[in-house]
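Okay, structure incoming, though there's no sequence with it:
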């Protein structure tokens, strides 16, 4: 195991933070997989999964069983991890800028286009190597000023040339679910099956906000689009499959869950040939992918005490109740119902809802939303 430390720009006098990455196998070996945990720093299940993966990787490396390259970042966000207000963690947004830690990543297709436009040829594999080198060169040239810019750049430098990228998150209260680009789904379907994902949400590039995973996998589809628009014919495959893996809810931090999830990821790596071994028979899919544009936000239109009448993982019919809003001073009860139906895959942890709060999300089979599809 090679442990590397990546210092972030100093945010204030007398302070310093570092991202630590763990490297297994031989640098440059294929396939390369990249895994990071808790980019939203208060979403902790991924950190424990990373701990279990590290133990397996150390043993596999000692046995000579790592065939590709694995880069593991068990604590992806030391900035957010240190943020607390009134004894409560605040790991989703940077306090200094109010920016979401999982938004605002650079457009790698735009960065690479001028460098590779006239260097690509008829060999798809050679084109992939050329693009990866151009992206890595561009990232190496960037000079971040702020701590947040440095964090985004450090993570991208580690992940940009990976074949598979897994960004481990969680929701508030949720079933295990995945977000991915539609183009990545064929490569990621085995992962969803081994993890037992109960919801998979897919969308074409441009779901909104430029999140970490989409900017890495989207490089390939968007660069191919730019090349077509410029009249340049060069085969360019989808050379990176990336996913945001939501490991249930914030409170689902325990060794049993973490070992189970690490085992699912490990079997996926065996399937890819990253690590040696037989993954065994692939379990049946627990769900079919549904469009992210079919995810229905359930919104509280009045303030009050929030009482859920449906459980995460429950399949709801159109018009079925998800929750109630109780206004105790007036004695009023308002039911919140799903319009489209589907699987209730995530809901909030708090039980008081101010007016306008999205209290739950239901994955429907039909797309109906447009524009920015990701929550802040």
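Structure's in. What do you need? Computed from a prediction, not measured in an experiment: that's the story for all the values here.

When you work out contacts or count neighbours from here on, use the C-alpha atoms and nothing else.
Fine.

From the recorded domain assignment, give the ranges for the protein.
Listed domain ranges for the chain are 2-288, 291-363 (source: automatic domain parsing).

Tell me the helix or strand right after whichever strand or helix holds residue 152.
Secondary structure assigned from DSSP states H and E places residue 152 in helix 147-159. For helix 147-159, the succeeding helix or strand toward the C-terminus, using DSSP H and E, is strand 164-171.

Any buried residues in that next one, and which?
If you call a residue buried by 16 or more other Cα atoms under 10 Å, then strand 164-171 has these buried ones: 164-171.

next one: stretch 178-186
Burial within stretch 178-186, assessed by neighbour count using 16+ other Cα under 10 Å, is assigned to 178-185.

So of these, which two are at opposite extremes in space?
When the buried residues of stretch 178-186 are compared pair by pair using Cα to Cα, the farthest-apart members prove to be 178 and 183, with a separation of 14.0 Å.

can you give me the strands for the stretch 51-200 of the chain?
Applying DSSP state E, counting those that start in this stretch to the stretch 51-200 of the chain gives strands spanning 69-73, 84-85, 88-89, 164-171, 173-174, 177-181, 199-203.

among these, which is nearest residue 309?
Ranking the strands of the stretch 51-200 of the chain by their distance to residue 309 (criterion: Cα to Cα) puts strand 173-174 first, at 14.1 Å.

name the helices or strands packed onto the closest one?
Packed against strand 173-174, as judged by 3 or more Cα pairs under 8 Å, 6 or more residues apart in numbering; DSSP states H and E, are the following elements: strand 241-249, strand 342-347.

need the contact list for the residue nearest to residue 140 when sequence neighbours are not counted.
The shortest distance from residue 140 to any residue other than its chain neighbours is 7.4 Å, reached at residue 157 (Cα to Cα, 6 or more residues apart in numbering). Contact partners of residue 157, counting by Cα atoms under 8 Å, 6 or more residues apart in numbering, are 136, 139-140.

Can you add distance to residue 289 and give the residues you listed back as JSON lines?
Compiled in JSON lines, the contacts of residue 157 are given as follows (distance: Cα to Cα, whole Å):
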{"residue": "136", "distance to residue 289": "32"}
{"residue": "139", "distance to residue 289": "33"}
{"residue": "140", "distance to residue 289": "36"}
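
Narrow those residues to just the buried residues.
Among those, those buried by neighbour count (16+ other Cα under 10 Å) are 136, 139.

out of the contacts of residue 157, which one sits closest to residue 335?
When the contacts of residue 157 are compared for distance to residue 335, the smallest value, 50.1 Å, is given by residue 139; criterion: Cα to Cα.

Grab the most central residue of this protein for me.
residue 244 (2.1 Å; Cα atoms, centre = their mean).

That one pairs with what?
Partner residues in beta bridges with residue 244: residue 167, residue 179, with DSSP bridges as the criterion.

which one of the buried residues of stretch 178-186 sits closest to residue 225?
The nearest member of the buried residues of stretch 178-186 to residue 225, counting by Cα to Cα, is residue 183 at 13.5 Å.

That closest one: what's it in contact with?
Residues in contact with residue 183, defined by Cα under 8 Å, 6+ apart, are 204, 238.
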